[in-house]
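Novice: Okay, predicted coordinates and the sequence, questions at the end:
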Amino acid sequence: MDQTRWSKFKLCGDYNVDLRSLYLAWTTPAGLEKWFLRKADFFTVPQRLREAGEQILKEDTYSWYWHGYDNSMVQTGSILEANGHDFVKFTFSGGSMVSVNFSTRNGLTIIELEQTNIPPEDDPEKNLLVQCQVGWVFYLANLKSVFEGGKDLRNKRVDLPGCFK
């Protein structure tokens, strides 16, 4: 069986939103909190907390907090690349890496997300590839919903576990 098949995936979405707005939605704390996270803290190399509208840079570290969970559930990682225009790459769950490319085609902004270096897992319920792919499909749809229609689809209630956060 080809193990590399289960170590990465790629998703793509089209958005009727300008590229710059979508790039900032991925690369500022306020942008990420609008459609993805409850709280996004980014720290510079000297450990200064970035301001809400301040763009992240390569070598920043992050602490991300999810809707539907208290502050004990935190995702930490680092920014591997951020070119300020159309590409960002960061570490993610289980030592994996997420790359996000932005481009324009036929009047739309295209986002291509690729998650790589996903570790193998024998237990299907803990399969990071499946869990992350399902999560990213939801969040890419929520990004579209928030920016094109103004409706946030996230479950923000801690008392409703198991729903999309």
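Specialist: Now that the structure is in, tell me what you want to look at.

Novice: mind checking the SS state of Val158?
Specialist: At Val158 the chain is in coil, as set by DSSP: H, G, I helix; E, B strand; the rest coil.

Novice: Figure out the helix or strand that the spatially closest residue to it that is not a sequence neighbour lives in.
Specialist: Nearest residue to Val158, sequence neighbours excluded (CB to CB, 6 or more residues apart in numbering): Gly68, at 5.7 Å. C-beta here means a position set from N, CA and C on the backbone, and glycine is covered the same way. Using DSSP states H and E, Gly68 maps to neither a helix nor a strand.

Novice: Gly68 and Ser7, how far apart?
Specialist: Gly68 sits 28 Å away from Ser7, going by CB to CB, to the nearest Å.

Novice: same thing with Thr27?
Specialist: The spacing between Thr27 and Ser7, counted by CB to CB, is 26 Å.

Novice: I'd assumed Ser7 was in contact with Pro120.
Specialist: Yes - in this structure, Pro120 is within contact of Ser7 by CB atoms under 8 Å, at 7.3 Å.

Novice: ok, the two, which is more surrounded?
Specialist: Neighbour count, other CB atoms under 10 Å: between Pro120 and Ser7, Ser7 has more, with 16 against 11.

Novice: burial of the closest residue to Thr91 other than its chain neighbours, as a residue count?
Specialist: Spatial nearest neighbour of Thr91, excluding adjacent residues (CB to CB, 6+ apart): Gly77 at 3.8 Å. When neighbours are defined as other CB under 10 Å, Gly77 has 18 of them.

Novice: Bridged to Gly77, which residues?
Specialist: Beta-bridge partners of Gly77, counted by DSSP bridges, are Tyr62.

Novice: Contacts only, for it.
Specialist: Taking CB atoms under 8 Å, 6 or more residues apart in numbering, we find Gly77 in contact with Thr61, Tyr62, Trp64, Phe90, Thr91, Phe92.

Novice: Confirm the fourth one sits in a helix?
Specialist: No - assessed by three-state DSSP, Phe90 does not belong to a helix; its assignment is strand.

Novice: Regarding this structure, what is its longest helix?
Specialist: helix 128-144 (DSSP state H).

Novice: wait, doesn't Tyr23 sit right on Thr104?
Specialist: No - at 11.4 Å, Tyr23 does not count as touching Thr104 under the criterion of CB under 8 Å.
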